[in-house]
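# Got a predicted structure here, sequence first:
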Amino acid sequence: MADELELLRRADPVPVDGPHYGEGPLDHGAERLLNRLLHDRPAARRRVRLAWSLGATLVVAATALALLLGGPNTTRAVAAPRPLVIRTDSTSVSLKELADRAERQVTAPGAPKLRKGTHVQSWSMGMSDDKPPVTLPEERVVRWKADGSHTELVVATDPRQPGRPVLRDDGGAPHLVEDGHVLSRQTYPPSWSDAPPESTPPHDMARLRAYLQEASYTRTPLTTPELLDAVGELLGHWTLGARESATLARLLADTGGLRPVGRVTDRLGRSGEAYEYRGAGTRRLLIMAPSTGAVLGLETVFTKADPEYGVKAGDVMEYSAWMR
């Protein structure tokens with residue numbers, strides 16, 4: 001499965017323009033692989049969504065993990081990632097400058113095009129009222145077809161420890177699964193929704209702001225954290241092209257509240273410019289490509305300890321890392 005997943009990582013999503021939403025479809029080998037993963041096995045269990053409420057302690061989780069992963073001869077799977085580290089020797093780049101760079105890329109030869117679909121690795125801290133917190137690293141690949149249908153493949157994988165077991169919870173006790181274990185494979189019928197975020201994102205900054213506001217189901221202007229949430233929702237449906245990335249970078253620069261903090265290396269080994277928003281007890285970190293302004297990732301970290309829930313300052317709440 002690890003080899004199969006690697007093939008999918010190297011395969012681009014299907015673009016929106018052209019005979020099959022554009023040029024650059026999956027090569028034949030990757031297409032056959034995706035079809036086999038989606039159809040050759042019995043129907044997968046419904047994807048587990050970690051919409052958990054704060055209510056259990058990380059102390060309990062540590063005990064569970066010690067029992068689950070303990071032993072000197074056991075290959076350990078680290079339950080939680082560490083926050084991304086800002087390079088102290090780096091010079092921060094303003095969002096305005098980054099947006100200027102992104103706009104210069106729009107007309108560059110070979111500039112990426114907008115594609116419907118996404119390829120993302122994510123991790124989140126899950127907590128509930130009656131079970132220990134559980135981490136679930138996932139990789140999700142969504143492909144859209146010319147007839148409006150789409151496929152979704154979700155596997156358990158941890159980019160920090162390729163080949164190591166991954167911790168997951170499917171409603172029972174936390175347990176380990178192999179790296180590349182298929183969590184869900186689904187095929188969805190044609191859908192032609194014209195509502196955001198299913199509809200094509202616009203290139204104009206004012207229209208994009210309205211688009212993200214509608215995608216967030218609100219009639220009031222988005223706050224900075226709400227805008228970051230909306231960006232995550234957008235990238236959960238679309239892989240942006242150079243023009244869309246430039247428009248989004250300009251919108252983020254115009255919004256305010258995001259402070260440039262320097263250069264980071266993300267969990268996929270990519271270099272990015274980091275922009276920070278600090279809220280009540282959390283820090284949001286937006287990671288963007290230095291030359292193109294494309295959004296590479298989002299990370300949320302607790303900045304205050306909460307002994308009631310066993311949360312320590314510096315604990316990662318969640319992150320997402322998007323790929324083309």
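Looks like it arrived, so ask away. Everything numeric in this text was worked out from a predicted model, so none of it was measured.

# in stretch 191-203, what's buried?
Neighbour-count burial for stretch 191-203 flags 196-197, 201 (criterion: 16 or more other C-beta atoms under 10 Å). All C-beta spots, glycine's among them, are computed from the backbone N, C-alpha and C.

# What count of nearby residues applies to L268?
Using other C-beta atoms under 10 Å, the number of residues around L268 comes to 15.

# swap that for H175, sorry
Residues near H175, counting by other C-beta under 10 Å: 12.

# so it bridges to which residues?
In this entry, H175 is beta-bridged to R168, by DSSP bridges.

# Look up how far L296 lies from it.
31 Å (C-beta to C-beta, to the nearest Å).

# and what of V316?
Distance of V316 to L296, computed by C-beta to C-beta: 16 Å.

# Between those two, which has more neighbouring residues?
Counting neighbours by other C-beta under 10 Å for V316 and for L296 shows that L296 has the greater number, 24 against 18.

# was I right about the more buried one contacting A289?
Yes. Counting by C-beta atoms under 8 Å, A289 is a contact partner of L296 at 5.7 Å.

# what residues do these two have in common as contacts?
Residues touching both L296 and A289 comprise 270, 272, with contact defined as C-beta atoms under 8 Å, 6 or more residues apart in numbering.

# Can you find the helix or strand of the protein with the lowest average pLDDT?
Counting by mean pLDDT, DSSP states H and E, the weakest-scoring helix or strand in the chain turns out to be helix 58-69, with a mean of 34.

# following that one, which helix or strand comes up?
Proceeding N to C from helix 58-69, the next assigned helix or strand is helix 95-105, under DSSP states H and E.

# helices or strands next to the following helix or strand past that following helix in the packing?
Using DSSP H and E, the helix or strand that follows helix 95-105 towards the C-terminus is strand 115-126. Applying 3 or more C-beta pairs under 8 Å, 6 or more residues apart in numbering; DSSP states H and E, we find strand 115-126 packed against strand 134-135, strand 138-144, strand 238-239, strand 316-323.

# just the CA coordinates of strand 115-126, formatted as PDB?
C-alpha atoms of strand 115-126 as PDB (Å, rounded to 0.1, in the frame of the first residue of the first chain):
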ATOM      1  CA  ARG A 115      -7.900  22.100 -10.700                       C
ATOM      2  CA  LYS A 116     -11.000  20.800  -9.000                       C
ATOM      3  CA  GLY A 117     -10.000  18.200  -6.400                       C
ATOM      4  CA  THR A 118      -7.500  18.200  -3.600                       C
ATOM      5  CA  HIS A 119      -4.500  16.300  -2.300                       C
ATOM      6  CA  VAL A 120      -3.900  16.900   1.400                       C
ATOM      7  CA  GLN A 121      -2.200  15.400   4.500                       C
ATOM      8  CA  SER A 122      -3.800  16.300   7.800                       C
ATOM      9  CA  TRP A 123      -3.500  15.600  11.500                       C
ATOM     10  CA  SER A 124      -5.900  16.500  14.300                       C
ATOM     11  CA  MET A 125      -6.300  16.100  18.000                       C
ATOM     12  CA  GLY A 126      -9.600  14.400  18.800                       C
END
